[in-house]
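Student: Just the structure for this:
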Amino acid sequence: MNMRLSGAIRRYTHNVTELEQTNRGLASKGQLLERAEQIAHIGTWQVDTRSGAVEWSDELYRIYGFTKTEITPDAELNTRVIVPEYREKVAKALESAVNNNSNFAVEYQIMQPSGLRKYILAQGLYLSEESRLVATIQDITELKEAVLKLRINETLLREAEKVSHSGSWEWMEGKQYILWSDEMYNIHGLFPHSVTMNINTYQSLIHEEDLKEVTAEFERAQIRKTPFKLNYRIVRPSGQIRHVLTAGEYKRIGINDNFAYIGTTQDVTELREAQVQLEEKISALNRSNQDLEQFAYVASHDLQEPLRKIQAFSKRLKEQHSGNLDEEAQDYLSRMDQAANRMRVLISDLLTFSKATRDGKRFTVVDLGDLITRITHDMDYTIEQKQATISVSASIGVYGVETQLYQLFLNLIGNALKFTRSGQPPHVKISAQSATDDQLNLEGIVPRQQYASITIEDNGIGFDRNDAGRIFDLFHRQHIRSEYEGTGIGLAICKKIVSYHNGLIYADSEPGQGSVFTVLLPKKHTNTLNLKSDGKN
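Tutor: Residues are numbered from 1 along each chain as shown. Next up, the predicted model:
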């Protein structure tokens, strides 16, 4: 009897131990399940269809925005958390699962007590033998918002393609068909998705005169797996010819070793037509320039020859017949000679202005310090005659046409020596420093460009600051001819040369306080300068 009792006790103890181990295992699995729910944002609920009892997992409380101490879930709350416009949809899905003893899956929105809405995916089944509905509830708000943003981006992309007349396409390696956007069909005169596009079909749309070249270029790019860009013509089904620009690039798509050519095709017909019109205008402008050059030749030879004769004969009259001429006649001869001389200077200056940016098209690095030193040496007679002092601190390099820059600073320094105050020797200070676009902060400055900022400061007669913008106009004169000689072309030449170099020139002054001229010249080549360096105006 004692032995049987002892054996029963041992069996009971063993069973209790196994039960405790099982309970610990279940508790551990329950903790893992709870953690998995938190990580995946997936909760669970079950509803007893006979009693109406409802159970929520801890994660479902968090998804619905409640705490376990706040409420006890029931069938009414389980329905109330659903946004009203989705309740009928959810009810039908659950009713169908119960009636058909089947699974269900339904997307809907719930509203938390704070008023925040969330997208929910409920998936579950009906256990008929237990009369229970069991479901997982996944928060898919971020996924739905990402899908919504993707749809918005797709809509924006379609609108952008329409505006820019540019379509997109994808040709996967090893496939015959090509995926086209709607605008690709529109560009080629087809209804979107009206045909399945493949290589042969597309080749039939290319203008026969361009087909061979386009095919060869694309095959070369395909063999080398390199990007390509092609200009060619297409023929729409209506017979209309359009110019297109197609660019493609070989890329990996997806996570596997799938590759495709992805690219864009833009309808550039209007751009091409505008380019043709521009070329025609450039051609007309070149012809006009040739006419101007012919005029310049006439002006330099045929017009100046009569002037030389006028001056020569007036000189002979003065020298050989001055005794037979009264004072009034001699005055007329002097005025005639002066007028002829002014006309000669004017013609010479006009020729200089017309040729200011046509001679010496090669852009090189020019050391302004050396250039200005050479100019002052060439002007040594005038400097000595005026008893002028010139200080130079301008050792800086710029890209430019040396002959034009010589003319620019020759004119500026010449002006500083010309417009001087009576009884005061002129002093000219020339300095230069580097400056960036953000330091200058001026209209017309090219972003991210470095400039050489050169100032020519004098102690001359100055001018009214209100006239600072007009002094660079052709034939503009600040002073009457009897006081200071000139034709009003020198500063216009300066402005033309500076503009040709993509620079700026401006002046500041006050009457009797001298003047400061500032020239801004790029220190590096730009695309425009490269064009000009090829001799294209």
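Student: Residue ranges in the stretch 151-300 of the chain under the pLDDT threshold?
Tutor: Residue ranges of the stretch 151-300 of the chain with pLDDT under 70: 157, 254-257, 292-293, 295-300.
Student: residue ranges of the helices in it, please?
Tutor: 182-187, 199-203, 208-224, 269-298 (DSSP state H, counting those that start in this stretch).
Student: Could you give the number of residues near residue 213?
Tutor: Residue 213: 13 surrounding residues under other Cβ atoms under 10 Å. Any C-beta I mention is one placed from the backbone N, CA and C, and that applies to glycine too.
Student: Apart from its chain neighbours, what residue comes closest to it?
Tutor: Once flanking residues are discounted, residue 213 sits nearest to residue 232: 7.3 Å by Cβ to Cβ, 6 or more residues apart in numbering.
Student: Residue 176 now?
Tutor: Per Cβ to Cβ, 6+ apart, closest to residue 176 is residue 198, 4.6 Å.
Student: Please apply the same query to residue 207.
Tutor: residue 233 (3.7 Å).
Student: what residues are up against that neighbour?
Tutor: By Cβ atoms under 8 Å, 6 or more residues apart in numbering, residue 233 lies in contact with 206, 207, 209, 210, 241, 242, 243, 244.
Student: which of the residues you listed are buried?
Tutor: The neighbour-count criterion (16 or more other Cβ atoms under 10 Å) marks 206, 210, 242, 243, 244 among the contacts of residue 233 as buried.
Student: beta partners of the fourth one?
Tutor: Looking back up the chat, that one is residue 243. Applying DSSP bridges to residue 243 yields these beta-bridge partners: residue 233.
Student: How much space separates it from residue 230?
Tutor: 11 Å (Cβ to Cβ, to the nearest Å).
Student: Then the second one?
Tutor: Using Cβ to Cβ, one obtains 9 Å as the distance from residue 210 to residue 230.
Student: next one: phi and psi at the most centrally placed residue in the chain?
Tutor: Nearest residue to the geometric centre of the chain (Cα atoms, centre = their mean): residue 447, 11.4 Å. Note on residue 447: backbone dihedrals following degrees, to the nearest 10 are phi -60, psi 140.
Student: And for the one 4 residues further on?
Tutor: Backbone torsions of residue 451, given as degrees, to the nearest 10, read phi -120, psi 150.
Student: ok, it - contacts?
Tutor: 434, 435, 436, 437, 440, 445, 503, 520, 521, 522, 523 are the contacts of residue 451 under Cβ under 8 Å, 6+ apart.
Student: So which of the residues you listed wins on neighbours?
Tutor: Counting by other Cβ under 10 Å, top hit in the contacts of residue 451: residue 521 with 25 neighbours.
Student: my read: that one touches residue 449, true?
Tutor: No: Residue 521 is beyond contact range of residue 449, at 10.4 Å (criterion: Cβ atoms under 8 Å).
Student: and residue 508, how far is that from residue 220?
Tutor: Taken as Cβ to Cβ, the span from residue 508 to residue 220 is 59 Å.
Student: more crowded one of those two?
Tutor: For residue 508 versus residue 220, neighbours defined as other Cβ under 10 Å are more numerous around residue 508 (16 against 11).
Student: Quick check: bridge partners of the residue nearest to that one when sequence neighbours are not counted?
Tutor: In this structure, residue 508 finds its nearest non-sequential neighbour in residue 516, 5.0 Å apart by Cβ to Cβ, 6+ apart. In this entry, residue 516 is beta-bridged to residue 457, residue 508, by DSSP bridges.
Student: How many neighbouring residues does residue 516 have?
Tutor: 15.
Student: tally of neighbours for residue 362?
Tutor: 12.
Student: Tell me the secondary structure at it.
Tutor: Of the three states, residue 362 takes coil under DSSP: H, G, I helix; E, B strand; the rest coil.
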